[in-house]
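> only geometry, no sequence info:
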RNA sequence: GCGGGUGUGGCGGAAUGGUAGACGCCGGGGACUUAAAAUCCCCUGUCCUUUGGACGUGCGGGUUCGAGUCCCGCCACCCGCACCA
């Protein structure tokens, strides 16, 4: 061949078309082969692929292509998480319909993805805003309703009075709407909920089976579910009412010196006629939306004048309204034990309440004074009547037992996890398939009338939910009685769309959401790859939906994702200057980077090189994948994504790095040209390296240690380049070609074709290795004196301890170091080292 | 505050308790060329009295013949949660 350069601008597209025409990556649900389901979290169609996507999808792609080479039937699909706010924002700003905007973005991103050469089964592509998809989602939602997992109740929401919309907590900034800047109100609205709490225990237990999930993610989910156990009991109040409280420390009950209730607790609300109480409650509501405010927030209380009778001592404890008690956890009321709870301690200190010790290191410390903070640790119960001398654990059990025997309380489990509120007062989402009828109440839309589609003729000129103000859409007849009725105008939280998309990828019949046999074939996902930002919500919701659908008898899968991998971010240096004391940022294209600094191309003056941080528009430190692929080709970009940084860590993008990848692509291209069929002769060392690399690269890919696989390939490449022509060298070169095939598929196909192979290398088998060739016959032995390296020597593998010791003692360097001292001991690790101790 | 993670050359990072720095990037020197690009070769942790040696994996201790790796105590940075009773 005469080409001295690999030209991706012609090769990339050629092979992408070849794969597409051959249907190389179309998954066959009825294949006899073992299956692999490789999935990356599907993207929101913002309109353009960023480097984070490229990294994410390259990792999955290498796995998918590798598994295929290993003889697996691979399902590697792609689609679009296409509902959500940005489309509505675009509609308002650009006067374009959310659907038009979204589908145009999908087209743009799809063509970008295709240019990177991902081994995706595009026949299964869908967008969650396709009526077909959300129609099936509505059907599943109705099934959940029938199964008792859906309910409606009044719930407090963040209401933006200007945009006339409900805001998520993270859209409320300092008590104001993020878009309108208006003061956010708390409003009670009837909202739809999914009963995720029914599955709290199962979702928690299931974490124990997820051996291939990062510990960190499991821990985050565990904390989010937040199981705690304790005692719920009621205080009798001086006003004749009962005050139920929940505590995880019933063992400290004798240390209780006050009670505290939340500002929105019914008892507090009942005292609102007193203007002082009303003012205090108002103050509690205002305080603290931001994290910083919460941290520094002072414990504030209002003494109600009501007292609570202690169930054992009969003492009268003052009841406070307090800003640190939350209505929506436990009973919204607590017993205050200042000695052994830090919040209670701070509160008691401020309001001069008794701080009693009821837990001590040992019985003799019963009267030890309290320090300047609460003691929440373990110990022995003291000053507590019948509990004295018990361990904390025994005392908890004893108090719960007495409460249950006495009928005034019971052991309880409390969860932090709340039911999932799924109502959104927005247009661009899945319509909730219900009808409100005066006579019949809430009526599900009959399944044969699904999908309930979104109306096309909507305007975004005025604030509020376009579905609500649409002239005709919501007016329907009741499916039961035929009377005039009203459609539900709320749409589903977009997290519901991503809670089952992996099922629809696996199976997409027209008449139902999925087919049980196909689900059984493909699920669970073997490799799920995405960002850590989805550690809790998306992954918990998807686990819940899978359980809920299994509970409804749809299939038997419980955990959708057998293995989870959370990849790091793509980062870049930042370039900036301080202009009038305000930072001004420059993009990498505007800057000339030299080895010791950077200058602005526009004026030639230096700019400051800032921290290496996640690529973001605001800091202008982004690099567009499009431009990179146009300049260097898809394979160099893919190789960069896999090189150097371990995949779970951040990857710093650099111009020099991509240049290096480009050079390597060309190096390989030249190497693949050097197969010499007429070459004869052996090169056992090189052959051994090739066999070792086959095993090592496979192991590294399976462990997702792509950076190590890359290093191995560099090594074998270097060795093959240096070697003289031989059969072994031809073998090594062919091996490199196959090892890089999952990573740099275009280069691999082009070289493979040049070598006269008519079959696609994408369909090739992973090279097999000879186990006998993995073993070295000579090893390098380190020789140490007192643990310090003095020499190295070469010995046959498996040499005896005696031989190695003799060889080591024969070393000049070793003798010089020993310098005649008496040898006390010689440690020999066969095939590794000899350490002489004097 | 609680929980988790990370710390190794100029940089990204390798290293079953056994030769620290594989591999890549940057940098330096050389070859080829009229010249450049491309390519190839060599060097590249610090220091010293340089056929050798000392020091060196955030800091301080410890275990061990031997510690980046194990144990104890610190420091720094990053991430998550946040008054959850």
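That came through, no problem. If you're wondering where the values come from, they're calculated on a predicted model, not measured in any experiment.

> Buried ones in the helix or strand residue A:628 falls within, by neighbour count?
According to DSSP states H and E, residue A:628 maps onto helix A:625-642. Residues A:625, A:628-629, A:632-642 are the ones in helix A:625-642 that count as buried (16 or more other Cβ atoms under 10 Å). Where you see a C-beta, it was placed from the backbone N, CA and C, and this is true even at glycine.

> and what of stretch A:641-657?
Of the residues in stretch A:641-657, A:641, A:642, A:643, A:644, A:645, A:647, A:651, A:653, A:654, A:657 count as buried by neighbour count, 16+ other Cβ under 10 Å.

> measure the first one to RNA strand B for me?
Put plainly, it is residue A:641. Per Cβ to the nearest atom of the strand, to the nearest Å, residue A:641 is found 12 Å from RNA strand B.

> Residue A:60 is in contact with that residue, correct?
No - with contact defined as Cβ atoms under 8 Å, residue A:641 does not count as touching residue A:60 (11.1 Å).

> Per-residue pLDDT of whatever residue of the stretch 551-700 of chain A ends up closest to RNA strand B, please?
Taking Cβ to the nearest atom of the strand as the measure, the point where the stretch 551-700 of chain A comes nearest RNA strand B is residue A:660, at 2.8 Å. Model confidence at residue A:660, given as pLDDT, is 93.

> That one: neighbouring residues, count only.
Applying other Cβ atoms under 10 Å, we find 16 other residues in the vicinity of residue A:660.

> tilt between the helix or strand containing it and helix A:625-642?
Following DSSP H and E, the helix or strand that holds residue A:660 is helix A:655-672. Interaxial angle of helix A:655-672 relative to helix A:625-642 (axes from the mean of the first three to the mean of the last three Cα atoms, to 10 degrees): 70 degrees.

> So which bits of the following helix or strand past helix A:655-672 are buried?
Next along the chain after helix A:655-672, taking DSSP H and E as the criterion, comes helix A:684-702. Using 16+ other Cβ under 10 Å as the test for burial, helix A:684-702 gives A:686-694, A:696-698, A:700-701.

> touching RNA strand B at all, helix A:684-702?
No - judged by Cβ under 7 Å from any atom of the strand, helix A:684-702 stays clear of RNA strand B, getting no closer than 8.8 Å.

> got the contact list for that helix?
Contacts with helix A:684-702, where a contact means Cβ atoms under 8 Å, 6 or more residues apart in numbering, come from A:62-63, A:66, A:706, A:708-709, A:712-713, A:715-716, A:719-720, A:723, A:726, A:728-729, A:731-732, A:735-736, A:739, A:742, A:766-770, A:773-774, A:776.

> Heading C-terminal from it, find the next helix or strand.
Next helix or strand after helix A:684-702 toward the C-terminus (DSSP H and E): helix A:706-722.

> What is that next one packed up against?
Packed against helix A:706-722 by the contact rule (3 or more Cβ pairs under 8 Å, 6 or more residues apart in numbering; DSSP states H and E) you find helix A:625-642, helix A:655-672, helix A:684-702, helix A:727-740.

> Tell me where chain A is predicted with low confidence.
Applying pLDDT under 70 to chain A flags residues A:1-3, A:169-170, A:173-175, A:286-297, A:595-596.

> and residue A:802, how many neighbours?
As a burial measure, residue A:802 scores 10 neighbours (other Cβ under 10 Å).

> next one: the one 5 residues further on
Using other Cβ under 10 Å, residue A:807 has 18 other residues around it.

> hang on, isn't it packed against residue A:794?
No - at 9.1 Å, residue A:807 does not count as touching residue A:794 under the criterion of Cβ under 8 Å.

> any residues in contact with both of those two?
What both residue A:807 and residue A:794 touch, as defined by Cβ under 8 Å, 6+ apart, is the set residue A:781.

> ok, how many other residues are close to residue A:742?
Here the count is done by other Cβ under 10 Å, and residue A:742 has 28 residues near it.

> residue contacts, it?
Residue A:742 is in contact with A:61, A:62, A:63, A:64, A:65, A:66, A:69, A:701, counting by Cβ under 8 Å, 6+ apart.

> mind listing which of these are in helices?
A:61, A:62, A:63, A:64, A:65, A:66, A:69, A:701 (DSSP state H).

> Many thanks, I have nothing further to ask.
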